[in-house]
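Trainee: Provide a 3D model corresponding to the input given below.
(one chain, ligands or ions: 1)
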Amino acid sequence: MCGIVGIYAHDQVAPDLYDSMIQLQHRGQDAAGIITCNERFHVKKGMGLVQDIFEQRHMERLRGSIGIGHTRYPTSGTHSNDEVQPLWTSVPNGIAFAHNGNVVNYQEMRREVQENRKRYLNSHSDSEMLLQLFADELHRRIGAGPASSLADRAFFEALFSSMAELFYRIAGAVSAVMLIKDRGLVAMRDPHGLRPLVYGQRELPDGRVDHIFASEDTMFYMLGYRRVRDVLPGEIIYIASDRQVFTRRLAPKAFTPCIFEYVYFARPDAMLNNVNVYRSRLRMGENLGKAWKETFPEVSPDVIIPAPATANTVALSMARELGVNYSEGLYKNPFIGRTFIMPNQEKRRQSVRYKLSPQELELRNKDVLIVDDSIVRGTTSKEIVQMVREFGARRVYFASACPPVTQPCYYGVDIPTSEELIASVSTEAEIQEYLGADLLLYQPLEYLVEAVTRKGDHHIDTPCTACLGGDYIHKLDQEEMKRCVS
Ligand code: SF4
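Mentor: Sure thing, here's the model as predicted:
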């Protein structure tokens, strides 16, 4: 999972890219980068948080009214500096590329790019492979001459057929923005629309229009953009150098956006695929409350507390549905940045106590229902249950807004291997015992899907639920599966 943004404006674009990436920081904290363009590309990338990478002197160097940015959360490849995006290639024209997603037939396509296309790959990043494959397809269509000699319509036709070939060959999740030197800005999304991409415009006082594409629309308001719409599954949008907009879609396939965006990843104020994330979480809480009443009709907790902060909205709404008090009985320190990679269970355990602090007055002598967005390994949930007990709770119940996570994700989300997923190797009774909870409730899958799709003028066929026991959209090769979660 990563955050991407591309802006084509009429003034220097680097400050708006920086501000956008701050608003996308939750989608990746490992690394970040910006590429802008005037007569040439200007690049600044680094490891860590956006605010730690870019200094005033870097921003002054990032010249140009067009640019793209990326915040990285690596799920394939390595944590190396070489793989920090945006990436760029000089042939044809100069293309800078930022990608959110994951290619599941990477090894096959890597061979294609290196052996048949004779393009050198300097990393094990699927994004680099995608860039080189797209660039090769475009090069075949527009030739080696100056790309600016081609009319915009002809250039767009070349872009569209290059994308069609790309999606004919690759399987996986791709939302991407591209800056093409002397030509403009391009956004595209895979035919299943697995990862989000939103389009916005900003009208200037003189009537000219700036354009933005981003993983979420969370920065639009602050930058003065209005949300136009989502980039549709299988769509390419090209903003030419005269700001003319070209767009076309591939033949529609099942629209299956990732359900975890709504459960956990996306910011609550985002509107993705015409579904408001905050409202979808309220509906998750409502449905979880209904499931509780159906499953445990005799049990009414004294208080519902969220595992902060993603579960706050779900817990609030579940409390309303059950007519029970909502309390923030666990305080999360907002100033904890990243915690360094936790190599073992004991360190992970300490990290939960480092981040969360129980409030005794909200817990002592009460039957407490803890609500979390999901249970992945189970280690965090177990620790939270224990902390709540240590602060005097009489009984501790646990509810997950998400059904059991039983399978890894091959589409760009960092869900561990099946062996590490507690719901893959244990029954619900065993999980309850492991957590030390008096009762355990998982949201039924159909309740979760209903919560996401009930409202909004959306065209979602059914969200991807592969990690929750649903079907993977693509046929997966064993070797590729290992690579995607290694
Ligand atoms: Fe999202 Fe799970 Fe599908 Fe991955 S497998 S895209 S995390 S729903």
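
Trainee: where does Thr339 land on pLDDT?
Mentor: Thr339 is assigned a pLDDT of 51 by the prediction.

Trainee: likewise for the one 10 residues further on?
Mentor: With respect to pLDDT, Arg349 scores 70.

Trainee: separation between it and the ligand?
Mentor: Going from Arg349 to the ligand by C-beta to the nearest ligand atom, to the nearest Å gives 25 Å. All C-beta atoms are positioned from the backbone trio N, CA, C, and that covers glycine.

Trainee: now the helices for the stretch 201-350 of the chain?
Mentor: 220-223, 260, 277-295, 312-322, 345-355 (DSSP state H, counting those that start in this stretch).

Trainee: closest to Leu62 out of the ones you listed?
Mentor: Smallest distance to Leu62 across the helices of the stretch 201-350 of the chain (C-beta to C-beta): 16.3 Å, for helix 220-223.

Trainee: run through the neighbouring helices and strands of that closest one.
Mentor: Packing partners of helix 220-223 (3 or more C-beta pairs under 8 Å, 6 or more residues apart in numbering; DSSP states H and E): helix 14-23, strand 198-203, strand 209-214.

Trainee: just name the most buried of these.
Mentor: Highest mean neighbour count among these (mean count of other C-beta atoms under 10 Å): strand 209-214, with a mean of 24.

Trainee: indicate the residue of the stretch 1-150 of the chain located nearest to the ligand.
Mentor: Going by C-beta to the nearest ligand atom, the ligand is nearest to Met1 of the stretch 1-150 of the chain, at 8.2 Å.

Trainee: show me the contacts for that residue.
Mentor: Contact analysis of Met1 by C-beta atoms under 8 Å, 6 or more residues apart in numbering lists Arg27, Gly28, Tyr73, Thr75, Asn100, Arg195, Phe265, Gly412, Val413, Asp414.

Trainee: got the contact list for the third one?
Mentor: With C-beta under 8 Å, 6+ apart as the criterion, the residues that contact Tyr73 are Met1, Cys2, Arg27, Gly28, Gln29, Asp30, Asp414.

Trainee: ditto for Asn333
Mentor: With C-beta under 8 Å, 6+ apart, Asn333 has these contacts: Tyr354, Lys355, Leu356, Ser357.

Trainee: ok, of these, which one's closest to the ligand?
Mentor: Lys355 (22.8 Å).

Trainee: how many neighbouring residues does the closest one have?
Mentor: 16 (other C-beta atoms under 10 Å).

Trainee: so how far is Ala309 from it?
Mentor: Distance, Lys355 to Ala309, using C-beta to C-beta, to the nearest Å: 10 Å.

Trainee: what is the lowest-pLDDT residue among the contacts of Met1?
Mentor: Lowest pLDDT within the contacts of Met1 is found at Thr75 (65).

Trainee: which neighbours do Lys355 and Ala309 have in common?
Mentor: By C-beta under 8 Å, 6+ apart, Lys355 and Ala309 have these common neighbours: Lys332.

Trainee: most neighbours, which of the contacts of Asn333?
Mentor: Of the contacts of Asn333, with other C-beta under 10 Å as the count, Leu356 tops at 20 neighbours.

Trainee: ok, that residue - contacts?
Mentor: Leu356 neighbours (C-beta under 8 Å, 6+ apart): Ala307, Pro308, Leu330, Tyr331, Lys332, Asn333, Ile384, Met387.

Trainee: and the residues you listed, which are buried?
Mentor: Buried members of these, counted by 16 or more other C-beta atoms under 10 Å: Ala307, Pro308, Leu330, Ile384, Met387.

Trainee: show me what residue of the stretch 251-400 of the chain gets nearest to the ligand.
Mentor: Nearest residue of the stretch 251-400 of the chain to the ligand, counting by C-beta to the nearest ligand atom: Cys258, 3.2 Å away.

Trainee: wouldn't that residue be in contact with Arg195 here?
Mentor: Yes - using C-beta atoms under 8 Å, Cys258 is in contact with Arg195, at 6.5 Å.

Trainee: tell me, what's touching these two both at once?
Mentor: Ala173, Tyr411.

Trainee: about what we covered before: could you dump the contacts of Asn333 into CSV with pLDDT added?
Mentor: Listed next are the contacts of Asn333 as CSV, based on pLDDT from 0 to 100:
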residue, pLDDT
Tyr354, 84
Lys355, 88
Leu356, 91
Ser357, 92
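
Trainee: save these as a markdown table, and put in distance to Ala291 too.
Mentor: Formatted as a markdown table, the contacts of Asn333 follow (distance: C-beta to C-beta, whole Å):
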| residue | distance to Ala291 |
| --- | --- |
| Tyr354 | 32 |
| Lys355 | 28 |
| Leu356 | 25 |
| Ser357 | 29 |
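
Trainee: make a markdown table out of the helices and strands packed on helix 220-223 and add distance to Glu157 and mean pLDDT.
Mentor: Shown next, in a markdown table, are these (distance: least, C-beta to C-beta, whole Å; pLDDT from 0 to 100):
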| stretch | distance to Glu157 | mean pLDDT |
| --- | --- | --- |
| helix 14-23 | 29 | 98 |
| strand 198-203 | 21 | 98 |
| strand 209-214 | 20 | 98 |
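
Trainee: nearest to Leu282, out of these?
Mentor: Nearest to Leu282 among the helices and strands packed on helix 220-223 is strand 198-203 (21.0 Å), distances taken as C-beta to C-beta.

Trainee: other SSEs contacting the closest one?
Mentor: Applying 3+ C-beta pairs under 8 Å, 6+ apart, one finds that strand 198-203 makes contact with strand 209-214, helix 220-223, strand 226-230.

Trainee: each with direction, which strands does that strand pair with?
Mentor: strand 209-214 (antiparallel), strand 226-230 (antiparallel) (DSSP bridges).

Trainee: show me what contacts Leu24?
Mentor: Gly3, Ile4, Val5, Thr71, Ala214, Ser215, Glu216, Thr218, Met219.

Trainee: now that we have those residues, which one has the most neighbours?
Mentor: Ile4 (32 neighbours).
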